[in-house]
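**Q** The sequence and its predicted three-dimensional model are supplied below.
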Amino acid sequence: MRRLSRGVAVSLLALVLAVPAIAGQAWAQAKPDLTIALSSFSTETLDPALGGHLVKYYLSMMFDYLVGTTLDGQPSKDGGIATRWENSPDYKRWTFYLRKGVKFHNGDDVTSEDVKFSIMRNIGPRSTTGYAGPLRTLIQTIETPAPDRVVIVTKDPTLIIPTYLSRSLSTEGMVLPKKYIEQVGDDVFARKPVGSGPYKFVEQVTGSHIKLTAVDNHWRIGTPKYKNMIFRLVPEETTRLALLRRGDVDVADVSRERVKELEKESFPVHFRREESILTMWWILGPDGLPAPMKDKRVREAMNLAIDRAEVAQSVFAGKADPAAVPLGLSWSFKDIGFKVTPEMAYPYDPARAKKLLADAGFAAGFPLDVYAYQLPGLPEGKTFAEAVSGYWEKVGIKIKLVPVDYPAFRKNWVDRKTPGSVGYFNIANRDWIGTYALLEKMAYTPAKANDTVNDPEVDGMIAQVMRQTDKEKINTLMRNIYTRIRSEHSGMPIVYLHSAYATGKKLGKWNTGSVMYDLFFDELASGK
Amino acid sequence: MIRFVLSRLLQSLVALAILSVVVFILARATGDPLQLILPMSATPEDYAEARRYLGLDRPYLAQYLSFVGHAVTGDFGMSLRARRPVSELIRERLPNSLSLAAFAMSVSLAIAFPLGVLAAVKKGTGVDRAAQVIAVLGQSLPTFWVAIVLVEFVAGRLQWLPAAGNEGFSSYILPGFTLGWFVVAGMMRLLRSAMLEVLDSEYVKLARVKGVVEGKVVWVHALKNALIPVITFAGIYFAILVTTAIVVETVFAWPGIGRLAYEGISSRDFPVIQAVVLTTAAIVAVVNLGVDCLYAVIDPRIRYAR
Amino acid sequence: MPGDTPGGGLVLAEVAAPTAPASRSRNVPYVSLGIITVFVLLAVLAPLLGLADPFNQSLRNRFKPPVWEEGGSWTHPLGTDRLGRDMLSRIVWGSRVSLAAGVLTVLVASAFGAAVGLVAGYYGGQVDTALMRMTDATMSFPVILLALILAVTVGPSFTNVVVAIAVILWARYARVIRGQVLTLMHLDFIAQARLAGAGAWRIITRHLFPNTLNTLVVLVTLQIGYVIIVEASLSFLGAGIPPPTPAWGSMIAEGREFVTSAWWVSMFPGLAILLVVLAFNLLGDWLRDTFDPKLRQL
């Protein structure tokens, strides 16, 4: 009697588990959808004005930019609402000619009024995008002489307008529907966004997913191959990979350490080479760098003490290359003509490091706090911090590891509460204009909070770039800035990180491109 | 009885009020959310403006009163990170936690029941000991570890079940099982000792004397009486499942309120932190109250102190 | 994560005279005692055992497998972790941290909780109500969230883990002890003590507390395992005992990405936790069965 009841219980349980398993298998096979699993959505917002870098991944499918970009980050006349643009001789008036016949998802036409409205909104007081500040200082007024023409008038001559409003940087250039937003208000727009991109918004469950559905016959990619595009937020790596293995998702970002196991199972893995530079710096004090890092020899020593090749091989599973220039965003190097010579590369020389420290008076070492935290795109963050600390310990520096989360580190960094302590970031690689924008924040003393360099010579050069319109002069200045930063050891470049994106086996060709924070799903989904 | 319920309600409200002050202070102690919201290039003027816009420049007392005043009507303010009403976020995600907890509860009961009864009936034998060990195992392994192992092997390698997502019923199985696993131990042990107690009682002895079939004695008469404490504890466990599922929600990418709280803390999002803590406290309070009442009603033999 | 062992939210204690309990004491759990002793010894003697330095990292030697696998060697009998540190050494040194965390937290929580419970049960009335409502409020704050908030505010540390858990755990002791005390208060010997002129302090310390000791011991034993597991979950979320300190929970959390490729990194600390917690739980069960089987809710 009891055996029977026990048997019944067990069989019921087995049944309960088996039925959905079978059903699940069936469901996993028939899919006209493209599902992408990401480890982070940053702010998860649907409103371009509320920024956050990783939001570009999905927003760039919902919205069109004023200026399009090619796969390698150059402004393009094909990918954006503007079919061409020209500048006045004094570089203070930029005229954009708009594509005709583009409609928003709610049927309204895209006109110059929308472009003007969008730009003003995206750099307005409510905006928290990355480049709103500089644009706000630069733009004097925006004129709309015709429904297909926009003129941006700047206070100073400048080259940067088209790029700042393009797909290669952030979200300021996204074109939003003026009538719709004025009708429903910002809050409703943030919940039910309407754009003009090849995919339109269906639903969002915060913490879970964002679902988009294809627009028929879009000028950007024709009729898309995938009926729906679903972005899923899956922070846990094991879960993401399980989803990929089971066929529940088609694309997943993978940590470098687990690429090998996927490659062994014949999953295609796409690499965005040098997607970011992992660079470390010392937090500044109220008067710049404190001792001991005030001394150039100490800075050089700390650089020489690190075995970059070993770090690249072990912590980053070989999916990284040693870096030589602090804040060196290599995707800009070719454009500005900057060459990293072999002499610039830091050798691994702990003996010389010890000697330099002794010369500077620190033969017995000194105490140093190193912050340890993870970042999106850098799951190995804490391990990395520990690893580098190990090298410094070996040359006599007494390290105290301070595990925090990034917001806590950032607070200490910008408040300058703990001068001399070390932090790091995996800065996304970008083109020369984006690079300049970054240097203006992180290598420029007047930028105050975020400065990491504190060098008057560099400040002078950056200030000159701001006012230049001669590209050759700009190139020279930027080359000199980098040369100076490197020769002064104003930071510790570690490695260039290659980021991996694994796909399902049947997905087909996909060039992920080299546009910052954008995986260019246009390519994958294109029906052209 | 009514007086009892009312007085307990009042006391729960007082407890919630205390909690609201505590969480208000704690949330603000976590740091400055503006560091994360505003871009790198923000100037001190931008910070001042944003602070004004978000109401963070008011004196703390004013902020607290505004928080409480709105909270009473169910308005928990706007999430600083998502710029959406917090009550909306909670409304979106609480049902996910509740449904997962309900599923987990059913799974644990389905396992705990037969185990508990059998362990009692076959007390002292190998079955009993095995059941005890199985149960205790449930409390001896960290949940996230069980979750990861399940995801890696059942979902990733064997591919029997989905690791995350909304494929309906099958998505519930792995997270539900993981979440409810430790409850099995408690329930089983409870049922076992309750059954042992009942099986020893006069009532059961009488039934046996009267010639009732042993199976019926166990599964009908004894179980009925042993259920009383079990049911009340099921309620408490349910509340625990809802409020402590953050690890399971993280591993299985389950959009519940545990994960919402975690995101809130990571982004120093005061309104979200406050709202989630108060909501979960309210849930626990309600369940506790219900359980107390249930116990009082069902078994007046049990005396409890006022 | 398991927020509570069974027994969370205790509502009442069954009314029964604390006479000699049914002699249902099973065999003394020698295995459990043995396991606990071994680990305690390991923890105490760790510096004297001649093990490798648990903090010494060597990137070239990362993820070396245990000695019985291909590629393993006796220099690292249980293999190495992500940073090339010796697993055996970290497990042994980790026992110090994990056990210390468990024991310390539980002692602090039980001391404070028992005190509250004794006072509430003895005085009854408004004092009781006020204390119990405070207890309720405390119990409804999720441990993990508190630990996360602390970690984010002052940074993760051993102290934070102990504080975060103890600050909420005490409430459970308070409830249970109070229930016991209420039962005891009805008994003759208390009335007699009062008649004899004993004051509150004397009654609480001399008469009530010793009679709750059994319960406390059971609770404490059962909860040590719980705290060790909570630390593991906190480490998983980034709020536990921070690196580079070896603690079993953080070790499992660090190795969780490599469950198939470098299984030993999380398997061995997981096994350690399993054994220790299992041992404490079984011991606690036996203690409960021996001393007070009426405490079935635990």
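**A** Alright, I've got the coordinates. Numbering: from 1, shown residues only, chains lettered A, B, ... in the order given.

**Q** Chain neighbours aside, what residue packs nearest to the residue of the stretch 1-150 of chain C found nearest chain A?
**A** In the stretch 1-150 of chain C, the residue that lies nearest chain A is C:Leu59 (4.1 Å; C-beta to the nearest C-beta). All C-beta spots, glycine's among them, are computed from the backbone N, C-alpha and C. Using C-beta to C-beta, 6 or more residues apart in numbering or on different chains and skipping the chain neighbours, the partner closest in space to C:Leu59 is A:Ser314 (4.1 Å).

**Q** hang on, that neighbour packs against C:Lys64?
**A** No: in this structure, A:Ser314 is not within contact of C:Lys64 by C-beta atoms under 8 Å, at 11.9 Å.

**Q** Identify the contacts common to these two.
**A** Counting by C-beta atoms under 8 Å, 6 or more residues apart in numbering or on different chains, the contacts common to A:Ser314 and C:Lys64 are C:Gly84.

**Q** Tell me the residues on the stretch 51-200 of chain C that lie near chain B, please.
**A** C:124, C:128-129, C:133-134, C:136-137, C:139-146, C:148-149, C:152-153, C:178-179, C:182 (C-beta under 8 Å from any C-beta of the partner chain).

**Q** which of those residues are buried?
**A** With neighbours counted by 16 or more other C-beta atoms under 10 Å in any protein chain shown, those contain buried members at C:128, C:133-134, C:136-137, C:139-146, C:148-149, C:152-153, C:178-179, C:182.

**Q** Go back to the residues you listed and keep what's next to chain A.
**A** Restricting those to contacts with chain A (C-beta under 8 Å from any C-beta) yields C:Val152.

**Q** Could you say whether B:Gly258 sits in a helix, a strand or coil?
**A** Classification of B:Gly258 using DSSP: H, G, I helix; E, B strand; the rest coil returns helix.

**Q** Count the neighbours of the closest residue to it other than its chain neighbours for me.
**A** Excluding the flanking residues, the one nearest B:Gly258 by C-beta to C-beta, 6+ apart is B:Ile246, at 3.3 Å. By the criterion of other C-beta atoms under 10 Å in any protein chain shown, B:Ile246 has 28 neighbours.

**Q** low-scoring stretches of chain C, by residue?
**A** C:1-26, C:292-298 (pLDDT under 70).

**Q** Can you tell me the centre-most residue of it?
**A** C:Ile224 (1.8 Å; C-alpha atoms, centre = their mean).

**Q** from what I can see that one touches C:Ala279, true?
**A** No: in this structure, C:Ile224 is not within contact of C:Ala279 by C-beta under 8 Å, at 9.7 Å.

**Q** Would you map the helices across chain B?
**A** Here chain B has its helices, by DSSP state H, at B:2-29, B:34-37, B:44-53, B:60-72, B:86-121, B:126-140, B:143-150, B:169-199, B:202-209, B:214-216, B:223-243, B:246-251, B:257-266, B:270-298.

**Q** how about the nearest residue to A:Leu378 once chain neighbours are set aside, secondary structure?
**A** Nearest non-adjacent residue to A:Leu378, counting by C-beta to C-beta, 6+ apart: A:Asn426, 4.6 Å away. With three-state DSSP as the basis, A:Asn426 sits in strand.

**Q** need the contact list for A:Asn426.
**A** By C-beta under 8 Å, 6+ apart, the contact set of A:Asn426 is A:276-278, A:375, A:377-378, A:497.

**Q** Can I get the buried part of those as one PyMOL selection?
**A** Here is the PyMOL command that selects only those of the contacts of A:Asn426 that count as buried (16+ other C-beta under 10 Å):
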select buried, chain A and resi 276+277+278+375+377+378+497
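
**Q** now, among the contacts of A:Asn426, which is nearest to chain B?
**A** If you rank those by distance to chain B using C-beta to the nearest C-beta, A:Leu375 comes first, at 12.0 Å.

**Q** Return the residues in contact with the closest one.
**A** A:381, A:406, A:425-426.

**Q** what do you get if the cut-off is 10 Å, keeping everything else the same?
**A** Neighbour list for A:Leu375: A:40, A:276, A:278, A:381, A:405-406, A:409, A:424-426 [criterion: C-beta atoms under 10 Å, 6 or more residues apart in numbering or on different chains].

**Q** Same check on B:Val242?
**A** B:94, B:97-102, B:104-105, B:179, B:256-258, B:279-280, B:283-284, B:287, C:3.

**Q** ok, and the closest non-adjacent residue to it?
**A** Sequence neighbours aside, B:Ala101 is the residue nearest to B:Val242 in space, at 4.5 Å (criterion: C-beta to C-beta, 6+ apart).

**Q** For burial, what's the neighbour tally of the one you found?
**A** Other residues close to B:Ala101 by other C-beta under 10 Å number 26.

**Q** Same check on C:Gly71?
**A** By the measure other C-beta under 10 Å, the count of residues near C:Gly71 is 10.

**Q** same deal with the one 5 residues further on?
**A** C:His76 has 22 neighbours, counted by other C-beta under 10 Å.

**Q** so it makes contact with C:Ser89?
**A** Yes: using C-beta atoms under 10 Å, C:His76 is in contact with C:Ser89, at 8.8 Å.

**Q** So for these two, which residues contact both of them?
**A** Contacts common to C:His76 and C:Ser89, judged by C-beta under 10 Å, 6+ apart, are C:Ala52.

**Q** coming back round to it: of the contacts of A:Asn426, which is the nearest to chain C?
**A** Nearest to chain C among the contacts of A:Asn426, with distances taken as C-beta to the nearest C-beta, is A:Leu375, at 12.6 Å.

**Q** That closest one pairs with what?
**A** A:Leu378 (DSSP bridges).

**Q** Give me the pLDDT value at it.
**A** Here, the pLDDT recorded for A:Leu375 equals 89.

**Q** Now chain B against chain C: closest residue?
**A** Closest point on chain B to chain C, by C-beta to the nearest C-beta, is B:Gly186, at 2.4 Å.

**Q** How far away from the center of its chain is the top strand by length along chain A?
**A** Counting residues, the longest strand found in chain A (DSSP state E) is strand A:269-282. Put simply, strand A:269-282 sits 10 Å off its chain's centre (C-alpha atoms, centre = their mean, to the nearest Å).

**Q** Which is the succeeding secondary structure element to that strand?
**A** Note on strand A:269-282: by DSSP states H and E, the next helix or strand toward the C-terminus is helix A:296-304.

**Q** Show me what the following helix or strand past that next one is packed up against.
**A** Scanning forward in sequence from helix A:296-304 by DSSP H and E, the next helix or strand is helix A:308-314. Here helix A:308-314 touches strand A:269-282, strand A:320-322, helix A:381-394, strand A:492-503, going by 3 or more C-beta pairs under 10 Å, 6 or more residues apart in numbering or on different chains; DSSP states H and E.

**Q** Tell me how far A:Asp253 lies from chain C.
**A** 14 Å (C-beta to the nearest C-beta, to the nearest Å).

**Q** That residue touches A:Pro376, doesn't it?
**A** Yes: shown here, A:Asp253 and A:Pro376 form a contact pair, counting by C-beta under 10 Å, at 9.2 Å.

**Q** Tell me which of those two has more neighbours.
**A** A direct count of neighbours by other C-beta under 10 Å for A:Asp253 and A:Pro376 places A:Asp253 higher, at 22 against 17.

**Q** what is that one paired to in the beta sheet?
**A** Under DSSP bridges, the beta-bridge partners of A:Asp253 are A:Tyr501.

**Q** List the contacts of it.
**A** A:36-40, A:57, A:234, A:237, A:240, A:272, A:376-377, A:379, A:499-502, A:519.

**Q** of the residues you listed, buried ones?
**A** Using 16+ other C-beta under 10 Å, the buried ones in the contacts of A:Asp253 are A:36-40, A:57, A:234, A:237, A:240, A:272, A:376-377, A:379, A:499-502, A:519.

**Q** what ranges do the strands span in the stretch 1-150 of chain A?
**A** A:33-38, A:68-69, A:75-76, A:82-87, A:93-98, A:139-146, A:149-154 (DSSP state E, counting those that start in this stretch).
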